[in-house]
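Participant: Curious how this folds, go ahead:
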Amino acid sequence: MIKIFASPLMFTILVGLLMPLPVFAKALDGKLYKNPECTCCEAYADYLKSNGFKIDIITSDELQTVNRKAGVPQALEGCHALFIGGYVVQGHVPVDVIRSLLSKRPNIVGISLPGMPLGVPGMEGSRSEPLSIYEIATIPNAKPKVFATLR
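Facilitator: You can find the predicted model right below:
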């Protein structure tokens with residue numbers, strides 16, 4: 001008999017590497033709601049796709065309604081809403097921050113980089129100062145906490 005695996009540990013590691021990661025793979029599937037006129041949202045979706053995300057773009061004139069239903073306060077709105085892994089991501093948040101959100105799984109609605117700042121994925125230009133990405137709390141009107149800072 002040929003011994004294929006040197007140890008049970010080696011077998012376990014090999015099986016773990018070969019098994020699909022359905023939870024992680026599913027978390028990378030998202031829906032991006034955007035206004036019809038906005039082209040930076042499409043550039044952001046292309047950025048996500050080039051980083052391994054599968055993104056369905058949904059054009060809507062009702063982005064504020066989408067945001068309200070998701071529990072996003074007006075002050076934390078971005079130019080689009082990405083629904084991914086059970087969270088909402090507002091604005092041009094870099095993929096490493098989204099992956100951090102999906103791995104940490106905090107008890108929040110999502111995260112937001114409000115507005116349309118320059119120097120972030122999908123927005124050309126250079127950043128002149130650090131930017132804060134805020135938590136979208138599960139409690140309405142809660143004071144936003146910083147989730148991450150872009151330098």
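Participant: Find the residue closest to the spatially most central residue of the chain in space, skipping its chain neighbours.
Facilitator: With distances taken as Cα atoms, centre = their mean, the chain has Ile98 as the residue nearest its mean C-alpha position (3.8 Å). With sequence-adjacent residues excluded and distances taken as Cβ to Cβ, 6 or more residues apart in numbering, Ile98 is closest to Val89, at 5.9 Å. Glycine gets a C-beta too; all of them are placed from N, C-alpha and C.
Participant: Glu77 too?
Facilitator: Counting by Cβ to Cβ, 6+ apart, the residue nearest Glu77 is Asn67, at 5.5 Å.
Participant: ranges for the helices of the protein?
Facilitator: Here the chain has its helices, by DSSP state H, at 8-18, 22-27, 40-50, 63-70, 95-104.
Participant: got the angle between the third one and helix 63-70?
Facilitator: Looking back up the chat, that one is helix 40-50. Counting by axes from the mean of the first three to the mean of the last three Cα atoms, to 10 degrees, helix 40-50 lies at 50 degrees to helix 63-70.
Participant: buried stuff in stretch 36-52?
Facilitator: Using 16 or more other Cβ atoms under 10 Å as the test for burial, stretch 36-52 gives 38, 40-41, 44-45, 47-48.
Participant: Relative to the whole chain's centre, how far out is it?
Facilitator: Put simply, stretch 36-52 sits 12 Å off its chain's centre (Cα atoms, centre = their mean, to the nearest Å).
Participant: Let me see the mean pLDDT of stretch 107-115.
Facilitator: Mean per-residue pLDDT for stretch 107-115: 97.
Participant: do stretch 48-66 as well
Facilitator: 97.
Participant: Quick check: buried residues in that stretch?
Facilitator: Buried, per 16+ other Cβ under 10 Å, within stretch 48-66: 48, 53, 55, 57, 63, 66.
Participant: Between which two of the residues you listed is the distance greatest?
Facilitator: With Cβ to Cβ as the measure, no two of the buried residues of stretch 48-66 lie farther apart than Phe53 and Leu63, at 19.9 Å.
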